[in-house]
Structure formats: C-alpha cells, structure tokens
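Peer 1: below is the sequence, then the predicted model.
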Amino acid sequence: MRPTPTVLTPTQNATVASTAISFLLLVCISLTSLIAWTIWEERADQLSESEVTSDNMSRSLARHADDTFKAADTSLLGLSERVLVDGTSPAALERLHRLLMLRVKELPQLQGLAIFDKDGLRIVNSLANKDEYGSSADREYFLFHRINSNPGPHIGTPFQARSSGDWVIPLSRRLDSADGQFAGVVLATIHVKYFVSFYETFDIGQQGAIALILDNGIQIARRPLLPDSLGRNLSKGPLYALYKHGNGNGSAMIKSTQDGVERLNGYRRLNYYPIFVTTALSKDEILASWQRLAIVRAVLTLCIVAVIALLGMRLVRQIKMRIHAEQEARNARDALQGLNATLEKLAQQDGLTGLANRRKFDQAIDHALSRAKQSAMPLAMILIDVDYFKKFNDLYGHVAGDECLRQVAAVIKASEKRSNDLAARYGGEEFAVLLPDTNLDGALIVAESIRKALHALKIEHVGNTPGIVTVSAGIDVLTSITEKDSAASFVSAADAALYGAKASGRDRIQVHHPIPATGNT
Ligand SMILES: Nc1nc2c(ncn2[C@@H]2O[C@H](COP(=O)(O)OP(=O)(O)OP(=O)(O)O)[C@@H](O)[C@H]2O)c(=O)[nH]1
C-alpha cells in the first residue's frame, strides 16, 4: 500500500520557506566568515613570520656592527699603547705612520687612523702624504675627549673626511699623559659605505630599511642612504622612544618619519657599543603576496556564495511555488466541497417551492422514527393537499397554479417552528410536515394555523366553494413506536386521514384515529 503523503498546513509551509531562507543565509554568512577569518589569520601569520625575520636580521647586523667597531677599537688601543711607550720622536713617528697605513689596508672598514696632540694638531696619520690635514681641534670627537676623562671608546656623529670626501664614522679614544692629563686623541674613521654595502647584501625588498643609530638617537648609517640620513637626530621618533623604554630589543609597526613608509621595525642594541641597529621591512611588501592570495580567495568565495545564493533562491522559489500550488489545490478542494454541498442541498430541495423534496422527506421520516423510538417521544405528520387544484389550473392556468403552490408552500414553511420540524413538497399539490416530539394537540395547532394562514391570503379560486384557495389536511401521531411502525404505514395513515378530510367536505383537518373532525363544518 502506498503511504499517504503528508499535507502541510499553510503555516507549516511558510515555516518551511522561511527555514530554507534562514539556512541559505546561514550557509552564505558562515562560508564568508570562515574565509574572512582564514584570510585574516594568514595575514597575522605573515606579519609574525616577518617579525621573526626582522629580529634575526637585527641580531646578525648588531653582531656585525659590534665586530666592525671592535676591530677598529682594538687598533686604537694598540696605537695608544704604542705612543705612550715609543714616544713621538721622528723615528718613532715614522714607524707609527707605516703601522697606521698597514692597519688601514688590513681592515676594509677603516677609512683612516690618526693621532692628535692636546691641541688637536695631527701627530701622525695613515695617509700616504702624512703632512696633510693637520688639525682636528674643531671636530666633535676632539672636543668630547678634551672635556671627558673617560678612557673608553667614543663614537661620534658622521662627517665627510677632509682627505677623501667620504662619509665616515669617527671612533676615538682619549690619550692621557703619564700624569693623567689630556694628551690628545687617537682616531679611527670608519667608512659609512662599509655598512651600507653590507646592508645591501640583504633582501629587504624595495622599501625595506636598515639603520645604525647611536644611543643618543643620531643615525650613523642607513640603507637606503638618503641625502639627509647621516647625522639625523631620530630621538623624537617613535622607534627611539620604544628603544629607550624597552630593554633594547623588540619590534613594532611604525610609520617612518624619514620617508613616511609604514614598516615592521625590529631593533637590537649592540653588545659592546652604545648603538642599536634596526631592520625595517615594509608592511606593504610583507603583505603583498598575502594580499594577492586574499583577493583571489575573496573573489572565489564571493563567486561560490553567489552560486549558492542563486541555487538557494531557486530552491526557495520552487518551495514557494509548491506552497502556492498546494494553496490553490486547497482552495479548489474547498470550492468543490462547497459546490458539492450546494448540489447535495439542491438534490434534497424542491425546485418550484424551495421546500424539502420527497427524497429528503423520506430520509427524514426514517431518521425521525428511529429517534422517536429511542426517546419514546411522540412523532406527528401532517399531509396537506390543495383543494380542487385541478380546477384552479383549469381556471387560472398552469403558471398561476405554480405561483399558487409557491404561496401555499411559503405558508407551510412558516409552520417550521423548531429545528427538527420539516416541511416538504410531497408531490404535485400535496405537502407534508413532519413534527418530532409533537403530540396530537401540537399537530392540530400547526395544521390549523396553516389552514387559517392560507385563508388569510385569500387567493381567489372560484372553483372552490369558499371562493378562495383552501387546503385539507390529514394528521397521524405516533405516541409509542413499535416494530410494525414504518415510514410507509405512517404516511399511509396520514394519507387516510387526508382522504377523510377531503371526503367530509374539504378545507378541514382530519386525524387518523376516529376523532371528530375540526374546521368549518
Ligand atoms: N400548476 C401546477 N399544477 C400541478 C402541479 N402538480 C400537480 N398539479 C395539478 O394538480 C392537479 C391535482 O388534481 P387532482 O389530483 O385531481 O385533485 P384536485 O383537483 O386538487 O381535487 P381534490 O384534491 O380532490 O381537491 C392536477 O391537475 C395536476 O396537474 C404543479 O406543479 N403545478
């Protein structure tokens, strides 16, 4: 046996449609959110990887700068010792000059070495023509050592060497006489381009930057080397603030005050010298490959979401069409049921008078009989017949006869006082009234009221003795229903009474039992 299909109510159908729309929205939003979250996570990973790279580079560059300054500083210590031990006799200075030239050749970072006396006058230098560029009294490093008794190394602001015009970083130490008085300065100048060339060997992208910055914020080397890079004071910038307030190492995303580019800056302090190195990778370049991938992913995701949305909308449309079709089918079914009910009613109605027809009346008798049997209540029937109706038709015509029957029917219909009372056209000019729970007295009252009401209408009928249309009626009342009582016997008893009424002069009521007839006799 095929299972009966489940029919949903309109509310349930609407719920199905809205659930489908909600599901569709949920899928689209979830998918978009998931991809957006993944893309964002990948961005964070990319930045975090670059942070590690930048930190590693800063570490190795700090080590390189330490080694570079250390090698030069070691030479300065050796020279100081030599001057103190050998003195400054012409022969000693001649040996010293050769030694200085040798050191400069050995160490590629060195631009030159020089020793100055307490007045800043050159004692000896590493130049081939040792008599050139005799004084440094105006140089920052000389002025620094003259007033600072600290014997440690000093790294000053870069300047252009008078001998070559190259930018150099001065690394110097103070010379003290045997009695502790300022005796001069021993100086090593280090090529800025030595650092810059080294920094150029690293892959830091087109917009990356590497810088070497003194502890006081003065920049002493940078890649790329801009015209105002060297000697620039960065102590007011955000990177310097971070460096000063942290432990000397770290990283941060900072917008450069030098060229306006936003970069991820890793910074690290040198171990032996008051300098820190910073490696900056451009944020745009770090995120460039991520950005390309993110755009492709976003476009693909939007395409997928659009396809899902389109298919989903089609599905929802089909659901709505199905709901609509079901609604229409329901409406058609309701209309059909209404039509059936009308047909059913018409099938039980008399076309001329609108009263119940014979078929309906027969059904009603059966039903009333079984009810009366159960309830032991009386059941009455009145059969009514228009007197001399053949004559009426003959006198006034069939159409007038029909109209007369309609008027008689209306009078009889008015006798239906209770819901179970039923007035019917029994056939031709004969009518019947079924009165459940009604005894003889009640039935007589109803029959008499019909007869009188018709009198009151005064429908002319010259073929009838009173001159108006009258009716005769026969009544039968069943007080206690037995097995031998049937619809047929019930009707025939009433019919017999009606026959009696006709026979005894018409326009009267006769009861089936031998009870004296009432009326105008
Ligand atoms: N106009 C019209 N006449 C009908 C209709 N049904 C039955 N008749 C007529 O009613 C008449 C009944 O006549 P009879 O049965 O001889 O009875 P009667 O003339 O009323 O005489 P009594 O019943 O003895 O008083 C017939 O002429 C039928 O043609 C109807 O629907 N319309």
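Peer 2: That came through, no problem. Numbering: from 1, shown residues only.
Peer 1: and residue 198, backbone torsions?
Peer 2: When read as degrees, to the nearest 10, the backbone of residue 198 gives phi -60, psi -40.
Peer 1: now the strands for the stretch 1-150 of the chain?
Peer 2: 110-117, 122-125 (DSSP state E, counting those that start in this stretch).
Peer 1: same question for the stretch 251-400 of the chain.
Peer 2: For the stretch 251-400 of the chain, the strands defined by DSSP E, counting those that start in this stretch cover 262-269, 275-282, 379-386.
Peer 1: quick one, which of these is nearest to the ligand?
Peer 2: strand 379-386 (5.1 Å; Cβ to the nearest ligand atom). Quick note: C-beta positions are derived from backbone N, CA and C, even for glycine.
Peer 1: for that closest one, which strands pair with it and how are they oriented?
Peer 2: strand 430-436 (antiparallel), strand 471-478 (antiparallel) (DSSP bridges).
Peer 1: where does residue 178 land in three-state SS?
Peer 2: Put simply, residue 178 is coil when judged by DSSP: H, G, I helix; E, B strand; the rest coil.
Peer 1: repeat for residue 509
Peer 2: Assigned by three-state DSSP, the conformation of residue 509 is strand.
Peer 1: neighbours around it, how many?
Peer 2: By other Cβ atoms under 10 Å, the residues close to residue 509 number 25.
Peer 1: that one touches residue 446, doesn't it?
Peer 2: No. Applying Cβ atoms under 8 Å as the test, residue 509 and residue 446 come out as separate, 9.9 Å apart.
Peer 1: quick one on the thing from earlier: tabulate the strands paired with strand 379-386 in TSV, adding columns for mean pLDDT and mean neighbour count.
Peer 2: TSV is the format used below for the strands paired with strand 379-386 (pLDDT from 0 to 100; neighbours: other Cβ atoms under 10 Å):
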stretch	mean pLDDT	mean neighbour count
strand 430-436	97	25
strand 471-478	97	26
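Peer 1: quick one: those as TSV, columns for distance to residue 396 too.
Peer 2: What follows is the strands paired with strand 379-386, written out as TSV (distance: least, Cβ to Cβ, whole Å):
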stretch	distance to residue 396
strand 430-436	19
strand 471-478	17
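Peer 1: which bits of the protein sit near the ligand?
Peer 2: Within the chain, the positions adjacent to the ligand are 352, 385-391, 393, 398, 401-402, 405, 428-429, 502, 506 by Cβ under 6 Å from any ligand atom.
Peer 1: kindly recompute the last result at 8 Å.
Peer 2: Residues of the chain lying close to the ligand by Cβ under 8 Å from any ligand atom are 352, 385-394, 398-402, 404-405, 427-429, 472, 502, 506.
Peer 1: tell me where the model's unsure across the stretch 401-521 of the chain.
Peer 2: Judged by pLDDT under 70, the stretch 401-521 of the chain has its weakly predicted residues at 513-521.
Peer 1: what about 80?
Peer 2: Where the stretch 401-521 of the chain drops to pLDDT under 80, the residues are 483, 513-521.
Peer 1: isn't residue 209 right up against residue 223?
Peer 2: Yes. Between residue 209 and residue 223 there is a contact under Cβ under 8 Å: 6.4 Å.
Peer 1: out of the strands of the stretch 1-150 of the chain, deepest packed?
Peer 2: Among these, strand 110-117 has the highest mean neighbour count (mean count of other Cβ atoms under 10 Å), at a mean of 24.
Peer 1: which strand or helix spans residue 405?
Peer 2: Counting by DSSP states H and E, the element that carries residue 405 is helix 398-413.
Peer 1: in the protein, which residue sits nearest the ligand?
Peer 2: For the chain, Cβ to the nearest ligand atom, closest residue to the ligand: residue 401, 2.5 Å.
Peer 1: what residues does that residue make contact with?
Peer 2: 389, 392-393 (Cβ atoms under 8 Å, 6 or more residues apart in numbering).
Peer 1: could you export the residues you listed as TSV, including neighbour count?
Peer 2: Output for the contacts of residue 401, formatted as TSV (neighbours: other Cβ atoms under 10 Å):
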residue	neighbour count
389	21
392	24
393	17
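Peer 1: I'd like these as a markdown table, with distance to residue 457 appended.
Peer 2: Below are those laid out as a markdown table (distance: Cβ to Cβ, whole Å):
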| residue | distance to residue 457 |
| --- | --- |
| 389 | 15 |
| 392 | 13 |
| 393 | 18 |
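Peer 1: in TSV, list those along with pLDDT.
Peer 2: Formatted as TSV, the contacts of residue 401 follow (pLDDT from 0 to 100):
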residue	pLDDT
389	97
392	97
393	97
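Peer 1: and which of those is nearest to residue 344?
Peer 2: Using Cβ to Cβ, residue 389 comes nearest to residue 344 of those, at 30.4 Å.
Peer 1: so that closest one touches residue 429, yeah?
Peer 2: Yes. With contact defined as Cβ under 8 Å, residue 389 and residue 429 form a contacting pair (4.2 Å).
Peer 1: which sections of the stretch 1-150 of the chain are below the confidence cut-off?
Peer 2: Along the stretch 1-150 of the chain, the model assigns pLDDT under 80 to residues 1-14, 16-17, 128-134.
Peer 1: quick one: the helices in it, in order.
Peer 2: 10-86, 90-106, 140-147 (DSSP state H, counting those that start in this stretch).
Peer 1: deepest-packed of the ones you listed, please.
Peer 2: Of the helices of the stretch 1-150 of the chain, helix 140-147 is the most buried (mean count of other Cβ under 10 Å), at a mean of 17.
Peer 1: and the angle from it to strand 110-117?
Peer 2: Using axes from the mean of the first three to the mean of the last three Cα atoms, to 10 degrees, the inter-axis angle of helix 140-147 relative to strand 110-117 is 40 degrees.
Peer 1: show me what helix 140-147 is packed against.
Peer 2: On a contact count with 3 or more Cβ pairs under 8 Å, 6 or more residues apart in numbering; DSSP states H and E, helix 140-147 meets strand 154-155, strand 167-176, strand 182-191.
Peer 1: swap in 6 Å and give it another go.
Peer 2: Judged by 3 or more Cβ pairs under 6 Å, 6 or more residues apart in numbering; DSSP states H and E, helix 140-147 is in contact with strand 167-176, strand 182-191.
Peer 1: go through these and pick out the most buried.
Peer 2: Neighbour counts (mean count of other Cβ under 10 Å) averaged over each of the helices and strands packed on helix 140-147 peak at strand 182-191, with a mean of 25.
Peer 1: please work out the average pLDDT along that strand.
Peer 2: Here strand 182-191 scores 95 as its mean pLDDT.
Peer 1: ok now that strand, how far from the chain's centre?
Peer 2: How far strand 182-191 lies from its chain's middle: 71 Å, per Cα atoms, centre = their mean, to the nearest Å.
Peer 1: in its sheet, what does that strand sit against?
Peer 2: strand 110-117 (antiparallel), strand 167-176 (antiparallel).
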